[in-house]
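> the sequence and its predicted three-dimensional model are supplied below.
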Amino acid sequence: MNENLNPNFKELNISKPTLKALKKMGLSQMTDIQTAVLPKALSGDDIVATAKTGSGKTLAFLIPVVEVVVRNLNDQIPVTLCIIISPTRELAIQTYTVLKDIISFYNNISSTLIIGGESRKKQSEHLFNGVHIVVATPGRLFDHMRTKEFDYKNVSCLVLDEADKIYQYGFEEDLKQIITRLPKDRQTMLFSATKSETTEALIESAMKEDVHIINTNEDNDKATVDGLKQGYVVCETEYRLHWLHKMLKKSQKQKVMVFFSSCKSVVFHHEFMTRYCNLDVLCIHGKMNQDERTCTMTQFYNSAKIALFCTDLAARGLDIPAVDWIVQFDPPSDTNEYIHRVGRTARGSGAEGSAVLLLRPEEVEFVDYLKEAMIYLDKYEGWNQYSNLQPKLEAAMTDPEFHKMAVDAFEGYIRALEVKRLKHVFNVLSMDMDLVAKSFGLKEKPDVDIHIGFSKKHRARKRKAALLSTTVGSTK
Ligand code: ADP
Ligand code: MG
């Protein structure tokens, strides 16, 4: 499809205040996915939509959601008609912000944000007083669904954004519970840039038989966007930290996101680069409180040149202006996660950005897996000149607190590798742990047990969810 020939939003059968808001947001012509989804979604059909990162999926569900409310507006106390679920709090906040823009010309549509890390009591009051549209993360939404304050029997539209992520272990049971409790005669819409085996199960359990499957990726010959320049660098284990330092130095005048596989690794590298190397770096991970997380994201959104160290918490859906570089310092969990991480740059038509994946020599086979998933990486050569950080590291290690951070980060790195699916590519058992320790500035390998399987965190949550599903009634 050629985006230049796509129709204008005005050609849709939607309410005037929405059109006015779109105009104010500077939007007139629909993107491909909006052109394909909107007419069907506006007629109330179930939709499964797959389209690349940055292709405008948010409005493809927000516009129909608002119409559902408009059609049901009356003078009575508002009831909850639509629920939008996001996998992360940051994405929920962003979606809520776009929703606020879209409904800014209506004075009788109400909405609220229901995410973890914020006051349950306030959220409960909002829900009790009645609100038309709820934007939520699954865990906290389910918590409220188990209280009397939240009446969801009128919900007629459910949206799952980044559906494959919401349905991954950890959230899966919460989502199953949410879906069984919501009214059956509702419209359901699933959106994502990638599909996984779990998406099929979700379609089966949550959607009507005549669901429309829309995929604007299908006729493309690659899974990532055209404006993205992507490559990989092979780096010996013990030089990884040095490489990162060099990368940050080179990109000081740019906006950069660096992905790590654990919170502890983010903390350690952030401490080292800011405190001991005087570099300007922000960080975000799931162990920070929500105020800190929101404040960091706002700062990153508004900066033109800065680096953000993050976990995959920031991989999904975030629409951050003008990110120049995506650095995958630790490898992604799979090819889908690769797509989402690099999807934080080169967003929207004609946009450009660059990405680099750092691999240890033993991990280079991952490039072939990416190729199978239609992701084509160049090998970046000449990136093996490293800064000598040894004196800085040795000085830093004399601080016991910093030393502890390094040990924790080492453990976090190993734990993340243990749960990777491609075990022969990311093989913990064959790794030289002394070299890995060295990459965290440690002289000796810390004493860490190696398990292959699910991490403790996920086991605990799975157990809790399984228990709930057997003790809580499943209808309302
Ligand atoms: P996705 O969810 O597909 O990754 P988003 O919905 O976050 O993408 O949108 C990506 C960017 O494209 C946003 O900045 C958004 O404002 C912009 N956008 C969305 N729809 C349009 C449109 N019809 N015309 C121009 N820009 C658009
Ligand atoms: Mg999105």
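That came through, no problem. Ligands and ions are numbered 1, 2, ... in the order given.
> show me where the stretch 201-350 of the chain has strands.
Taking DSSP state E, counting those that start in this stretch, the strands of the stretch 201-350 of the chain run over residues 212-215, 228-234, 255-259, 281-284, 306-310, 325-328.
> what average pLDDT does the first one get?
Translated: strand 212-215. Mean pLDDT, strand 212-215: 95.
> surely residue 178 meets residue 138?
Yes. Proximity of residue 178 to residue 138 meets the contact threshold set by CB atoms under 8 Å, at 6.5 Å. Just so you know, the C-beta spots here come from the backbone N, C-alpha and C atoms, and that holds for glycine as well.
> need the residues touching each of those two.
Residues touching both residue 178 and residue 138 by CB atoms under 8 Å, 6 or more residues apart in numbering: residue 85.
> that older thread, closest to ligand 2 out of the strands of the stretch 201-350 of the chain?
Counting by CB to the ion, ligand 2 lies closest to strand 212-215 out of the strands of the stretch 201-350 of the chain; the figure is 14.7 Å.
> wait, does that closest one contact ligand 1?
No. When contact is scored as CB under 6 Å from any ligand atom, no part of strand 212-215 falls within range of ligand 1; the minimum is 12.6 Å.
> given that strand, what are its sheet partners and their directions?
Strand 212-215 has the following sheet partners, assigned by DSSP bridges: strand 47-50 (parallel).
> got the CA coordinates for the partner strand in CSV?
Extracted in CSV, the C-alpha atoms of strand 47-50 (Å, rounded to 0.1, in the frame of the first residue of the first chain):
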residue,chain,number,x,y,z
ILE,A,47,-9.6,-7.1,15.1
VAL,A,48,-6.1,-8.6,15.3
ALA,A,49,-3.7,-6.1,13.9
THR,A,50,0.0,-6.6,13.2
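> quick one: contacts of that strand?
By CB under 8 Å, 6+ apart, the residues outside strand 47-50 that reach it are 33, 36-37, 40-41, 57, 60, 163, 188-195, 199, 203, 207, 211-217.
> the residues you listed: which ones sit near ligand 2?
Among those, proximity to ligand 2 is found for residue 57 (CB under 5 Å from the ion).
> restricted to buried residues, select the contacts of strand 47-50 in PyMOL.
A single PyMOL command is used to select the members of the contacts of strand 47-50 judged buried by 16 or more other CB atoms under 10 Å:
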select buried, resi 33+36+37+40+41+57+60+163+188+189+190+191+192+193+194+195+199+203+207+211+212+214+216+217
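> which non-adjacent residue is nearest the residue of the stretch 51-200 of the chain found nearest ligand 2?
Residue nearest to ligand 2 within the stretch 51-200 of the chain: residue 57 (4.6 Å; CB to the ion). With sequence-adjacent residues excluded and distances taken as CB to CB, 6 or more residues apart in numbering, residue 57 is closest to residue 191, at 4.7 Å.
> ok, residue 405 to residue 422 distance?
28 Å (CB to CB, to the nearest Å).
> contacts for the longest helix along the chain?
Longest helix of the chain, by residue count under DSSP state H: helix 400-418. For helix 400-418, the surrounding residues in contact (CB under 8 Å, 6+ apart) are 261-265, 267-269, 271-272, 330, 333, 396-397, 426, 428, 431, 436-437, 440-442, 446, 448, 450-453, 455.
> try 7 Å
With CB atoms under 7 Å, 6 or more residues apart in numbering as the test, helix 400-418 has contacts from 261-265, 267-268, 271, 330, 396-397, 426, 428, 436-437, 440-442, 446, 448, 450-452, 455.
> please produce a ChimeraX select command covering the buried subset of these.
Those of the contacts of helix 400-418 that count as buried under 16+ other CB under 10 Å are selected in ChimeraX with:
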select :261,262,263,264,265,267,268,271,330,396,426,428,436,437,440,441,442,446,448
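> tell me which of the contacts of helix 400-418 fall in helices.
Counting by DSSP H, the contacts of helix 400-418 place 263, 264, 265, 267, 268, 271, 396, 397, 436, 437 in helices.
> the spatially closest residue to the fourth one that is not a sequence neighbour and residue 210, how far apart?
Read it as residue 267. Leaving aside its sequence neighbours, residue 267 sits nearest to residue 405 (CB to CB, 6+ apart; 5.9 Å). As judged by CB to CB, residue 405 and residue 210 stand 54 Å apart.
> so those two - more neighbours on which side?
Per other CB atoms under 10 Å, whichever of residue 405 and residue 210 has more neighbours is residue 405, with 22 against 7.
> what pLDDT does the more buried one get?
pLDDT, read off for residue 405, is 97.
> in stretch 270-280, what's buried?
Residues of stretch 270-280 classed as buried by neighbour count (16+ other CB under 10 Å): 270, 271, 272, 273, 274, 276, 277, 279.
> now the residue sitting nearest the centre point of the chain: how far from ligand 2?
Centroid check for the chain by CA atoms, centre = their mean gives residue 316 as the closest residue, at 1.7 Å. As judged by CB to the ion, to the nearest Å, residue 316 and ligand 2 stand 8 Å apart.
> verify the stated contact: that residue with residue 163.
No. Here residue 316 does not reach residue 163: they are 10.8 Å apart, not a contact under CB atoms under 7 Å.
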